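[1] Below is the sequence, then the predicted model.
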Amino acid sequence: MSIIIDENTKVLIQGITGNEGAFHTRQMIEYGTRIVAGVTPGKGGQSLEGIPVYNTVQDAVQDKEIDATAIFVPPAFAADAIIEAAESGIKTIVCLTEGIPTIDMITVYHYIKSKDCWLIGPNTPGIISPGKCKIGVMAGYIHRKGTVGIISRSGTLTYEVVDQLTKMGMGQSTCIGIGGDPIVGLRYVDLLKMFEEDEDTDAIVIIGEIGGTAEEEAVQYYSGHMKKPLVAFIAGVTAPEGRRMGHAGAIISGGRGDAKTKIKVLEEAGVTVVKNPAQIGQAVFHARQVRV
Amino acid sequence: MSIIIDENTKVLIQGITGNEGAFHTRQMIEYGTRIVAGVTPGKGGQSLEGIPVYNTVQDAVQDKEIDATAIFVPPAFAADAIIEAAESGIKTIVCLTEGIPTIDMITVYHYIKSKDCWLIGPNTPGIISPGKCKIGVMAGYIHRKGTVGIISRSGTLTYEVVDQLTKMGMGQSTCIGIGGDPIVGLRYVDLLKMFEEDEDTDAIVIIGEIGGTAEEEAVQYYSGHMKKPLVAFIAGVTAPEGRRMGHAGAIISGGRGDAKTKIKVLEEAGVTVVKNPAQIGQAVFHARQVRV
Amino acid sequence: MKIHEYQAKNLLKEYKIPIPKGSVARDVHESLKIWDDMTGIPVVVKAQVHSGGRGKAGGVRVINSREELKDYASSLIGSIIYTEQTGGDGKPVDCILIEEALDIKKELYLGFTIDRSHACISMIASAEGGVEIEKVALASPDRVVVQNIDPLLGLRDFQVIRTLLKTGMHIKIVRKIGAIANALYKLFIEKDCSLAEINPLVITEKDEIVALDAKINFDDNALFRHPDIASLRDYNQENPLEVEATRYNLNYIKLKGNVGCMVNGAGLAMATMDLIKFVGAEPANFLDVGGGATSKMIEEGLKILVSDRDVKVILINIFGGILRCDTLATGVVEAAQHLNIHMPIIIRLEGTNVEEGRRILAGSNLKFTVARDMGEAAEKVAEALRIRG
Amino acid sequence: MKIHEYQAKNLLKEYKIPIPKGSVARDVHESLKIWDDMTGIPVVVKAQVHSGGRGKAGGVRVINSREELKDYASSLIGSIIYTEQTGGDGKPVDCILIEEALDIKKELYLGFTIDRSHACISMIASAEGGVEIEKVALASPDRVVVQNIDPLLGLRDFQVIRTLLKTGMHIKIVRKIGAIANALYKLFIEKDCSLAEINPLVITEKDEIVALDAKINFDDNALFRHPDIASLRDYNQENPLEVEATRYNLNYIKLKGNVGCMVNGAGLAMATMDLIKFVGAEPANFLDVGGGATSKMIEEGLKILVSDRDVKVILINIFGGILRCDTLATGVVEAAQHLNIHMPIIIRLEGTNVEEGRRILAGSNLKFTVARDMGEAAEKVAEALRIRG
């Protein structure tokens, strides 16, 4: 088991003929992801790596059964691409694009809420259920199939954590990047629920960072609803106020969203918070030992 | 029994201190409606006929239990008033105002759909459950308590029908004006369902008119879902194309919404359609006889 | 509310939608001045009237010389155009639009309207432009592509592209028209339109996209917030009695029959017209005096009915609610006295203060026929017509 | 992106929000010209810097005479202002805003911001203006009223009225401020702001409402569609190294420590900074070279780290995914050769082509310390600092 995606997930690529889209389509195919269709307006009828390209998502879903889509279109068009996917009835929408204007995402967020679908991202490395399916840009080979679930706002920091886990013999059930933007689709809370219910996940890692209150909201769910061990790391203890630390969402503003507050709230709820990012793997190992 | 409102319905008046609002508040009180509060921004703290006036709907609902609201505010502010009522959690919203811009109503319609409430109107004479509660501007005294349900897009034409029914000894369970605008809240279909389930309603009258396809949609529900007798009248057989016949919604445009088509569709579905407006009462009498 | 083609095109221009070069002339002199300023031959002259079907009625012509323009302009301006839509009344031509003629490769259709059933604005596109879109929709529904617009989202680019691709247009054309669609949607929203259509939207031989003809209607309920639009109203294109009625807040529409009718409430007014037809006569008008009519409004309403030369009999049908029957009766009696009406007036009163109303009518020494209900009223109308035959 | 007060006020003016009469001067001569054009005394002079707390730092003064203005302007323009927010670096004063002084009756707060948790824009109002709204919210939360805005509905009048009434303002003032709130919301949406606040919004003795100070920040992600806004950026208010970094698409933020670090990925970069702190040192910067960094970008990044005089040790932490370790290694070797770097460089490489990358580093004849993991890298940083002491 894994959450959201598995070996049966049939995937569409929006923006398949762009540089990014084409490169990662090949990477995903190599990893074993079942990519069944692509979309680029005006290029309908072409194909890439044997995958048919359609003009619109509607055309693609009329022709193929599609469970998920990966969006690789430029920021100015990405909000539209998400809406197009949702309107066409695709259940899992993964938006890799970085740099979508926040006001566009407000509309998208509220539209998605009214539809029977979920959005991962934007500004996410994607989602991977190791050995089954990868929808994203992460290096697949560092992952191992296993029982740790990872939820992260970051890209390479997640690879770091995955690497620590894998090297210590702990594989992952599903690793999901919720995205580094101020407004994203699925949040920690939604995914904690899924992992709690997932039979093959026995521990969960949250990789948070400064900005917003997503981690604080996660805690509200954790307390009282979850039995599986939860380990958290919050990046940005040394980040200054008022500066955007790479991710659009990683900013402490108006005295809110700093790492110390997040760590305090998490610890008060009984979550193991790791201070040294080099020791996240060890902390997970320990948390699982305690439980077993 | 009756639908939507009864003797226990506690009513708010939005725009209570305006001419229209104050006049009809008195009329409704006289009829026996339980009016518990009024709203006029800036006049909070005053009272009218002993009814407390609040600045905002939120203030009113914090202070009083409110089931329904009647909106008597000018067209430019009426869409806001509906949204304010819906946002404050009022279940039944009756908007009497005529002349709200259609584009405003598009937004209102979609907002209402996302909330746990329903809208009657706008541009409606309101709703009355005779002997129990009147939220609207209709002359109460022509109505009698009884078992015929009426759904209408018109005002005085409804009085005419009610009068015919009452004089023939047929009282009404609830009479509801859905409103004469192109975009209204509750439609025939919603109300047919309620009347079909209402124990005290044994026949239903639809008073339709030219414009739109509301009557056609009603038929789609009628066929196969309803057992109670349905009598319909469609006003506007003699109306020319392209002209707005008083009501903003009463217009045949692009060859659509003419009375003959509506009558044809209704008759094909087995609905009794009365051609002579002077004989609607008789037709209802006959329809109930057949059933009994 | 309707506006003229040239006014619609000015709005399109304001929203950066390409229109042909051209100007409006109100007399021959102005026409020739425009000719002198135009750079190309031929030009197209179009009568500005609130009606479709001008072409068939001789209101549109391609002009090749100054002399030809002079002749055509002098015959057209000041004339009355009779189209299928206007019928026998026609519409006066107060001005003409003179435009450059274009080399047209293809005619398309692009429009926005209100979808009442889905409570939204919808975009309509077709590669079959230049004819009525309703006719295209009837003949080949698959050639008309409709996109409903979610008010949260507005019109999205992917929807525009998808819609236009479905009409069979090429992607290059689609991207060009996309910008026009967005602009037209913006105009629709910002100006509270009820219809905004460009038909035909043409592709020229130079692959330029131009709005060759346009029709824009506005939501009457929203005019209060658009004084600029309200000022475009051309009363000359409307029936004079209808214009007169609006001065008194009366809702009046002129029809072709001979039974004038005055009713309170739009639904009851339509039903009364239908009833007149049911008993074999023809309504001369729709007249809704509304729920709050004053004596003055009643009098002005009656005056309008009497001004209509086709009217032989008058039927007044009032169901008093807020409008009390005694108010109505007083108004009618006073009006009849002032107006010296010689035709039969049948009055049906019901509702609030009906007894008092009937007493006023009876005591007036004027000859009214009072009916007890709608059925009786209709019969008496039919009878009065037979007598006047 | 931040802009100056005077730029923010120009935007307010564009949206018809009243601002004090005034102008910007870049030298004493311009200042005196503005004085000569002003009709009233006194005037207020405000240093234009991207920082709050100017008043305490001497950057705001009420001026009563031409002479006084001359003195103050000449001392202020060209100076550096050090506020609580700027710290030791300060901000250069390139221009000053000279405005009429107002008779202030009351200071209010009105602002719009993004509520990330509810994924919407929210309006914030308070009758306690003139101080930081966060401080008011902390001290007396009930004096700060927040209204979340549904993107389907936009900001509705009833919400504005309700929000302002809740702050305790009188209904007459509320209606006046309502128009300002609507305009500010429109500006927020149309210009893709991340923050738009008027603080204080003042009521004058004449009961006029005027935006006395304003702060508007913009969503960097949306600047591509607002060239007019992007052009307002004042690079002089930013750290020169940071400005240099943006030229190469490097995400660099200057901090106060002595360990320069270069990382791929924002999260890993922050974690690396945290790790440096964890072993007792201080990060000198945040530097994310991104997932697709080229050799050129790596070189420019290193150049910036070396230009920072505070930096004593450099830590490179790369987890190769798309950015392959051999590319990184090649870039670092080339850069180190060009730059002739004399300080210790600790490199931690992991991920795609890591072995090849380590081989390139080892074969370069340059002195890099290679660490196997983040833990070891941190230790080696601490060690290097101890040695350099």
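    Looks like it arrived, so ask away.
[2] residues in contact with the residue of the stretch 1-150 of chain A found nearest chain D?
    Closest contact between the stretch 1-150 of chain A and chain D, by C-beta to the nearest C-beta, is at A:Pro101 (3.6 Å). No exception for glycine: its C-beta is placed from N, CA and C like everyone else's. Neighbour list for A:Pro101: A:75, A:79, D:192, D:219, D:221-222, D:225 [criterion: C-beta atoms under 8 Å, 6 or more residues apart in numbering or on different chains].
[3] Then A:Ser223?
    A:269-270.
[4] could you redo the last one with a cut-off of 7 Å?
    By C-beta atoms under 7 Å, 6 or more residues apart in numbering or on different chains, the residues touching A:Ser223 are A:Ala269.
[5] For it, pull up the helix or strand it's in.
    helix A:214-225 (DSSP states H and E).
[6] List the buried residues in stretch A:179-196.
    Within stretch A:179-196, the residues that count as buried by 16 or more other C-beta atoms under 10 Å in any protein chain shown are A:179-189, A:191-192, A:194-196.
[7] still on that earlier bit, just the buried residues out of the contacts of A:Pro101, in ChimeraX syntax.
    Selecting the buried subset of those in ChimeraX, with 16+ other C-beta under 10 Å as the burial test, is done by:
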select /A:75,79 /D:192,219,221,222
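[8] ok, and the closest non-adjacent residue to residue 156?
    Just so you know, I chose chain A. Leaving aside its chain neighbours, A:Thr156 sits nearest to D:Gly265 (2.9 Å; criterion: C-beta to C-beta, 6 or more residues apart in numbering or on different chains).
[9] nope, chain C
    Nearest non-adjacent residue to C:Arg156 (C-beta to C-beta, 6+ apart): A:Asp80, at 5.2 Å.
[10] do the same with A:Gly21
    A:Phe72 (3.7 Å).
[11] Could you count how many residues lie near the one you found?
    Look at A:Phe72: counted by other C-beta atoms under 10 Å in any protein chain shown, it has 25 neighbours.
[12] Next: C:Ile316.
    C:Ile316 has 30 neighbours, counted by other C-beta under 10 Å.
[13] Quick check: it vs C:Gly290, distance?
    The gap separating C:Ile316 from C:Gly290 is 14 Å, by C-beta to C-beta, to the nearest Å.
[14] interface residues of chain C facing chain D?
    Contacts of chain C with chain D, taken as C-beta under 7 Å from any C-beta of the partner chain, map to C:151-152.
[15] per-domain residue ranges of chain C.
    Domain assignment of chain C by automatic domain parsing yields the ranges C:1-19+C:103-237, C:21-101, C:239-388.
[16] re earlier: looking at the contacts of A:Pro101, which is nearest chain B?
    Checking the contacts of A:Pro101 against chain B with C-beta to the nearest C-beta, the nearest one is A:Ala79 at 19.1 Å.
[17] Wasn't the closest one part of a helix?
    Yes. Per DSSP: H, G, I helix; E, B strand; the rest coil, A:Ala79 lies within a helix segment.
[18] Okay, and residue 111 sits in which element?
    Answering for chain A, as no chain was given. A:Tyr111 belongs to helix A:102-113 when assigned by DSSP H and E.
[19] actually chain C
    With DSSP H and E as criterion, C:Gly111 is part of strand C:104-115.
[20] Tell me the helix or strand right after that strand.
    Toward the C-terminal end, the helix or strand that comes next after strand C:104-115 (DSSP H and E) is strand C:120-126.
[21] Now distance to A:Thr166 and mean pLDDT too, for the domains of chain C, in CSV please.
    Compiled in CSV, these are given as follows (distance: least, C-beta to C-beta, whole Å; pLDDT from 0 to 100):
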stretch, distance to A:Thr166, mean pLDDT
domain C:1-19+C:103-237, 40, 96
domain C:21-101, 70, 94
domain C:239-388, 74, 91
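[22] Just tell me which of the ones you listed ends up closest to B:Asp202.
    Comparing the domains of chain C by their distance to B:Asp202 (C-beta to C-beta), the top pick is domain C:239-388, with 24.5 Å.
[23] For chain C, which residue gets nearest to chain D?
    Closest residue of chain C to chain D, C-beta to the nearest C-beta: C:Leu152 (4.4 Å).
[24] Please save the CA atoms from the helix holding A:Tyr111 in CSV.
    Only the C-alpha atoms of helix A:102-113 are listed here, as CSV (Å, rounded to 0.1, in the frame of the first residue of the first chain):
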residue,chain,number,x,y,z
THR,A,102,-0.5,34.0,-5.2
ILE,A,103,-3.8,35.6,-6.3
ASP,A,104,-4.1,33.0,-9.1
MET,A,105,-3.7,30.3,-6.5
ILE,A,106,-6.5,31.7,-4.3
THR,A,107,-8.9,31.2,-7.1
VAL,A,108,-7.5,27.7,-7.9
TYR,A,109,-7.7,26.7,-4.3
HIS,A,110,-11.3,27.6,-3.9
TYR,A,111,-12.2,26.0,-7.2
ILE,A,112,-10.4,22.7,-6.3
LYS,A,113,-12.3,22.6,-3.0
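[25] Can you list the neighbours in contact with the helix or strand following that helix?
    Following helix A:102-113 in sequence order, the next helix or strand is strand A:118-120 (DSSP H and E). Identification of contacts with strand A:118-120 by C-beta under 7 Å, 6+ apart yields A:82, A:92-95, A:112, A:127, A:176, A:178, A:185-186.
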